[in-house]
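> sequence unknown, structure follows:
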């Protein structure tokens with residue numbers, strides 16, 4: 001089964017991100033837009049794993065989660081991977097991945113991600129050689145009918161918050177021709193201590 005460790009979003013936040021998608025869709029000729037239920041933040045991609053490996057990974061997450069305090073992340077900036085040049089002759093610009101980036105709370109996020117990555121390496125899962133670039137994927141394989149500046153202006157007013165109080169092991173499945181991400185375990189971060 002294809003798997004990754006990540007952070008699940010609230011239904012409210014997923015719907016807010018979906019609204020950003022809806023503002024951007026008219027500017028795309030085509031592309032694959034992420035389904036609302038699939039919005040998440042990946043911490044470590046694992047690839048194909050079996051039941052034994054899933055059990056070992058969950059063992060690591062059980063150990064790591066209580067060592068980290070809950071934290072809040074902001075989502076603001078629009079970004080791309082694999083962005084081509086706008087071609088005025090055909091009025092299109094290719095984008096491999098369109099995403100929303102993280103603003104605020106990155107220190108706590110990177111500490112958590114690094115801890116998980118380091119422990120997973122002991123199970124034979126090497127770190128991503130490209131480094132960790134936290135983002136929320138909106139769409140893939142796009143052809144945009146404008147330049148990136150115009151696209152960025154459509155999302156300028158969006159500011160979202162991710163309340164991180166647990167981490168999950170997700171599996172990626174195909175159902176009725178659609179890819180879905182399903183959390184199969186939930187590991188709570190350390191509870192905040194009440195001030196006396």
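Sure, I can see it. Note that the structure is predicted; figures quoted are calculated from it, not measured.
> For the protein, just list every one of the strands.
Under the criterion DSSP state E, strands of the chain are mapped to 2-8, 28-33, 40-48, 71-83, 93-103, 135-144, 160-164, 166-175, 178-188.
> Partner strands of the fifth one, with direction?
For strand 93-103, sheet partners with direction are given as strand 71-83 (antiparallel), strand 135-144 (antiparallel), following DSSP bridges.
> what's the answer for the second one, then?
With DSSP bridges as the criterion, the sheet partners recorded for strand 28-33 are strand 135-144 (antiparallel).
> Point out where the chain drops to low pLDDT.
Low-confidence segments of the chain (pLDDT under 70): 155-157, 192-196.
> same thing but at 80, please
Applying pLDDT under 80 to the chain picks out residues 86-91, 147, 154-159, 177, 191-196.
> And stretch 89-107, what's buried?
For stretch 89-107, the neighbour count (16 or more other Cβ atoms under 10 Å) marks 92, 93, 94, 95, 97, 98, 99, 100, 102, 104, 105 as buried. (Each C-beta comes from the backbone N, C-alpha and C, glycine too.)
> so what's residue 60 closest to, chain neighbours aside?
residue 119 (4.6 Å; Cβ to Cβ, 6 or more residues apart in numbering).
> Could you do residue 75 as well?
residue 160 (4.0 Å).
> same deal with residue 172?
Closest residue to residue 172 apart from its sequence neighbours, by Cβ to Cβ, 6+ apart: residue 2 at 4.2 Å.
> Quick one: residues contacting the residue nearest to the spatial centre of the chain.
Closest residue to the average C-alpha location of the chain: residue 41 at 2.7 Å, with Cα atoms, centre = their mean. Shown in contact with residue 41 (Cβ atoms under 8 Å, 6 or more residues apart in numbering): 6, 7, 9, 73, 102, 134, 135, 136, 162.
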